[in-house]
Every structure is written in structure tokens, then in C-alpha cells.
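# Fold the following for me, if possible:
(one chain, ligands or ions: 1)
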Amino acid sequence: MSHELGRLEDLPKDYVQDLRDLNLVPLWPSLRGVLPPNIPNRQTQATHWPYQTLRPLLIKAGELTPIEKAERRVLVLANPGHGLEKMQASAAIYLGMQLLMPGEWAPSHRHTPNAVRMIVEGEGAYTTVDGEKCPMSRGDLILTPTGLWHEHGHDGTEPVIWLDVLDLPLVYYMETSYHVNGDRQTVVPGRGDKQYAHGGVVPTKVFERSKKAYPMLRYAWSDAKAALETLAADDELLEQVQVTYTNPETGTDAENILGFYALMLRPGQTLRLPARSPAQVFHVIEGSVKAQITNSNFTIVAADTCCAPGYEAVTLVNLQQDKATFLFIADESPLHRKLGVYENRG
Ligand code: GTQ
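Alright, predicted model coming up:
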């Protein structure tokens with residue numbers, strides 16, 4: 001049985017003012033707002049950022065603003081549902097497209113938010129993370145987890161562009177977001193992506209396993225793609241051909257707050273992803289898909305990015321009849337699971 005709750009306007013003005021003067025607020029006029037029936041209010045809107053329209057503006061930023069004046073030359077993919085100035089794709093996800101021109105240098109810093117980079121275009125750039133020089137090629141995923149020093153450099157000849165995915169909105173909301181600038185890092189020998197290149201066997205020094213919180217910082221696209229193709233070939237009936245980027249020592253998600261995945265859609269495949277509580281982001285690495293998200297129908301082609309609010313099913317249709325399509329997905333699952341609010345509503 002539902003009944004209307006009292007409104008703020010139903011109360012005498014002087015009473016409301018007396019409350020305000022004492023920093024008090026009546027709950028009942030706002031109760032349904034903060035605890036809506038059955039499904040949360042979501043500001044996150046299904047939003048599509050086509051690469052073709054974004055790229056020229058990012059290149060223009062390269063002409064307008066030197067790297068020294070930007071530190072990080074990024075156009076933020078902002079969800080209009082949250083208000084553009086909030087710079088969020090969803091409640092917990094920030095997305096940015098970052099440009100580094102040949103010879104440029106984005107200096108070393110570290111910060112509390114976790115970040116990953118999904119390389120979209122160009123060769124010859126690298127990110128040095130915690131002393132590991134990680135080459136950047138199309139589709140590679142590079143982690144810069146909370147607290148680790150990172151800087152970007154570019155020895156190539158063409159612009160390099162990547163998608164930054166951070167948990168900045170959440171970390172900022174918690175009043176825990178800050179950064180520290182540092183000196184250029186000394187590159188140290190040893191790279192996690194080499195040491196952990198083969199799943200199921202991990203490096204072991206004098207019977208000791210790595211104590212690093214983040215033992216693997218670079219996930220080569222060639223390896224992730226090969227894993228997907230092997231999965232697909234191994235079981236022709238497997239519907240969701242997907243891998244999760246994990247910490248190879250613990251098997252848990254690669255970072256603490258956001259989850260990262262690669263998905264392969266078989267030629268012509270239609271895949272329905274169930275309505276789950278986390279918001280999610282889709283970025284096409286190779287191919288093209290139709291993404292049905294709530295009332296939106298996006299055609300997302302290679303290098304495009306889109307986002308979906310939580311609690312909504314998403315249907316992905318591979319628009320290629322003769323080829324697989326590959327997507328990178330980021331979502332809020334690790335956060336929801338840790339907080340105990342994760343739901344799969346089917
Ligand atoms: O490359 O370190 O998009 O610190 C936002 C904040 C990228 C970075 C962003 C950052 C970075």
C-alpha cells in the first residue's frame with residue numbers, strides 16, 4: 001500500500017526556518033528521493049562518444065595547449081546526466097581521452113585514484129609505472145593503481161591517444177582525492193607483463209612469490225585477444241566469450257574499485273548482458289556493434305566509447321557477419337561486491 005508523504009510546503013515556513021537555523025532537515029519530504037521504490041534513481045545516462053567526432057578536437061587541443069600547460073592533455077568524456085562539469089561517466093567512473101604528441105612528456109606523479117589506460121591509436125609511447133617502462137600499443141591495458149608513480153613519454157612519430165579510466169568520481173566523493181608530483185623515474189629491470197605472460201604459472205624467487213600489491217601493470221592486447229580466440233575455439237557453445245583482467249598472484253580483479261574485461265562477440269552474434277547494479281563502459285577495440293541500452297540504440301565502431309547506467313540490461317549485436325568484434329569493458333562490479341550492494345537481476 002502506498003500513500004503520499006508530507007511535503008516541505010505542508011510545513012509552516014517559520015518552522016522550516018527554525019530547523020534550518022539549527023542545521024536540521026525533516027526526512028519525510030525527501031525520503032522517497034533517497035530511497036526510491038524498487039530501483040535506484042540513476043543520473044547516469046546511456047551516452048555515446050564517437051571517436052571520429054572527438055579525435056579532431058583532441059588533436060586541436062594539442063595545437064592550442066602545450067603539454068607543459070596541461071600536464072595531462074585530456075578531453076573528459078562527461079555524462080550529461082551528471083552535469084558536464086562533474087566530469088563523470090557514471091557514479092564511480094571517469095573517462096578521458098588523452099593525447100601525447102611525439103617527443104612530449106607528461107611528468108611523473110602519483111595519486112589516490114586508480115587509473116588504467118586503454119591504448120586507442122599510435123605507436124611509440126610508453127607509460128613508466130613504479131619503474132616499469134610499459135610500451136603502449138593499440139588495445140593494450142596499462143594499470144596505474146593507487147599510489148604508484150607514473151609518467152608518459154613518446155619516442156614515436158605520430159600522435160598517440162589512449163582512453164583513461166579512473167575511479168576519480170568515487171575517490172573525490174570520499175574526500176580522498178589528491179596527487180603528489182615527483183621526479184623522472186629510474187627504469188628498473190623486470191616487467192610484470194613478461195613474468196606473468198603465461199596464466200597458471202607465476203614467477204617464484206627462492207620459493208617466494210611476489211609481494212607487490214600490483215605485480216602486473218601491462219596487459220598486452222595480443223595476449224588478451226589470443227585468450228579470447230582460444231576460449232571461443234575451445235567451446236563453440238560458450239555464449240559470453242569474455243576474460244577479466246586480474247591480479248595474477250591473487251586472481252582477484254586487477255584493481256580494487258573498477259573491473260576490467262575483454263569481450264569477443266562471434267560473427268553476427270547477439271549477446272544480452274543481464275541487468276546488474278554496476279554501471280558499465282564499452283569501448284570497441286576491433287569491429288563494430290549495435291548497443292541497445294535503455295531507450296538508446298548506438299552503433300559503436302572501432303575506437304568509440306559508450307556507457308550504460310546500472311540496473312539495465314544491455315544487448316550487443318556484432319554488426320560484422322564474417323568477423324569477430326572485440327570490446328573492452330570497464331564496470332563498477334568490484335566496488336559493488338565489496339560494499340555488498342551488487343545485484344544481478346537477470
Ligand atoms: O595520466 O595521470 O585522465 O592524473 C586524469 C588524471 C589522466 C594521468 C587523467 C590523471 C591522468
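# residues from this protein in reach of the ligand?
By Cβ under 6 Å from any ligand atom, the residues of the chain that approach the ligand are 72, 74, 96, 98, 111, 115, 150, 164, 166. C-beta here means a position set from N, CA and C on the backbone, and glycine is covered the same way.
# So which of these are in helices?
Within the residues of the chain next to the ligand, no residue falls in helices by DSSP state H.
# filter those residues to the buried ones?
With neighbours counted by 16 or more other Cβ atoms under 10 Å, these contain buried members at 74, 96, 98, 111, 115, 150, 164, 166.
# Dump those into TSV; add pLDDT as well.
Listed next are these as TSV, based on pLDDT from 0 to 100:
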residue	pLDDT
74	98
96	98
98	98
111	98
115	98
150	98
164	98
166	98
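# What sits closest to the residue of the stretch 101-250 of the chain found nearest the ligand if chain neighbours are left out?
Per Cβ to the nearest ligand atom, residue 164 is where the stretch 101-250 of the chain lies closest to the ligand, at 3.5 Å. Nearest non-adjacent residue to residue 164, counting by Cβ to Cβ, 6 or more residues apart in numbering: residue 96, 4.2 Å away.
# again, but for residue 259
Using Cβ to Cβ, 6+ apart, the nearest residue to residue 259 is residue 333, at 4.3 Å.
# Phi and psi next, for residue 187.
phi -80, psi 130 (degrees, to the nearest 10).
# same question, residue 33
Residue torsions, per degrees, to the nearest 10, at residue 33 are phi -70, psi -40.
# Repeat that for residue 55.
Per-residue torsions, residue 55: phi -60, psi -50 (degrees, to the nearest 10).
# Just give the nearest non-adjacent residue to it, would you?
That would be residue 161: by Cβ to Cβ, 6+ apart, it lies 7.2 Å from residue 55.
# The strand or helix carrying that neighbour - contacts with which helices or strands?
Element membership of residue 161, judged by DSSP states H and E, is strand 160-166. Based on contacts counted as 3 or more Cβ pairs under 8 Å, 6 or more residues apart in numbering; DSSP states H and E, the elements that strand 160-166 packs against are strand 94-100, strand 115-121.
# Could you check how far that strand is from the centre of its chain?
The chain centre lies 9 Å from the centre of strand 160-166; the measure is Cα atoms, centre = their mean, to the nearest Å.
# That one to strand 94-100, inter-axis angle?
Using axes from the mean of the first three to the mean of the last three Cα atoms, to 10 degrees, one finds that strand 160-166 and strand 94-100 are set 160 degrees apart in direction.
# for strand 160-166, which positions count as buried?
Buried residues in strand 160-166 (16+ other Cβ under 10 Å): 160, 161, 162, 163, 164, 165, 166.
# which residues touch stretch 310-323?
Residues external to stretch 310-323 that are found in contact with it (Cβ atoms under 8 Å, 6 or more residues apart in numbering): 39-40, 42, 44, 46, 90, 263, 265-280, 282, 287-294, 299, 308, 324-325, 327, 332, 343, 345.
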